[in-house]
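In: what's the 3D shape of this:
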Amino acid sequence: MTAAFEIRVDDLRGPEVAALLQEHLDEMAKYSPPESIHALDLERLRRPEITFWTVWQNDELVGCGAIRQLDATHGEIKSMRTSYRHRRKGVAAVMLQHILDEAAQRGYRRLSLETGSPAAFEPARQLYARFGFTFCQPFGDYREDTYSVFMTRTL
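Out: Numbering: from 1, shown residues only. So this is what the prediction gives:
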């Protein structure tokens, strides 16, 4: 029997978290030029408007995700990542549902995200679509970029 996932608010200080976020940044660099990478590093994820969670299974870090408050009614999903070893096991779906639940508790009316447009990001786009996200125009400080797609969902 597979152990359940445990989601924890994380302070981004553990070496496992640093390694997972580096994996995330390294993969983004494979598919997008530097000016089109919107993933945040450890320092930028520690900002007060961002809440960062890690997903654990049997004391092993298997994924992460974050929400950034854009304003009182609008949040942005950041740093959704499943470790290479745990892909296609439902980690991202559990994290995404947690973020949606948290956004609703905070009273957000809208949750948006930026993800990549290359084919490597298709599984992410499909996951978000399954959870009711639809394509939209750039939001916040984002600008049109051929390497990005923007999605949003009303809560």
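
In: alpha carbons only for contacts and neighbour counts from here, please
Out: OK.

In: what ranges do the helices span in this protein?
Out: Assigned by DSSP state H, the helices in the chain fall at 15-31, 42-45, 91-105, 122-130.

In: distance between the second one and the chain's centre?
Out: Looking back up the chat, that one is helix 42-45. The chain centroid and the centroid of helix 42-45 are separated by 14 Å, computed with CA atoms, centre = their mean, to the nearest Å.

In: Find me the pLDDT at residue 33, would you?
Out: For residue 33, the model assigns a pLDDT of 86.

In: Show residues contacting the lengthiest strand in the chain.
Out: Under DSSP state E, the strand in the chain containing the largest number of residues is strand 60-71. Applying CA atoms under 8 Å, 6 or more residues apart in numbering, the contact partners of strand 60-71 are 16-17, 20, 49-56, 75-83, 85-86, 91-92, 95-96, 99, 140.

In: Is it possible to mark the buried ones in the residues you listed?
Out: Neighbour counting by 16 or more other CA atoms under 10 Å classes 17, 20, 50-56, 75-83, 91-92, 95-96, 99 among these as buried.

In: Just checking: what are the partner strands of the longest strand of the chain?
Out: If you go by DSSP bridges, strand 60-71 pairs up with strand 50-57 (antiparallel), strand 74-82 (antiparallel).

In: now the longest one and helix 15-31, what's the angle there?
Out: Regarding strand 74-82 and helix 15-31, their directions subtend 100 degrees when assessed with axes from the mean of the first three to the mean of the last three CA atoms, to 10 degrees.

In: Dump strand 74-82 to CSV, keeping only the CA atoms.
Out: What follows is strand 74-82, C-alpha atoms only, in CSV (Å, rounded to 0.1, in the frame of the first residue of the first chain):
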residue,chain,number,x,y,z
HIS,A,74,-6.3,37.2,-6.9
GLY,A,75,-3.6,34.6,-6.3
GLU,A,76,-0.9,33.1,-8.5
ILE,A,77,0.3,29.5,-8.5
LYS,A,78,4.1,29.4,-8.3
SER,A,79,6.8,26.7,-8.2
MET,A,80,4.6,23.6,-8.8
ARG,A,81,7.0,20.8,-9.1
THR,A,82,7.0,17.0,-8.7
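
In: Looking at the helices of the chain, spot the one closest to residue 136.
Out: Nearest to residue 136 among the helices of the chain is helix 122-130 (12.1 Å), distances taken as CA to CA.
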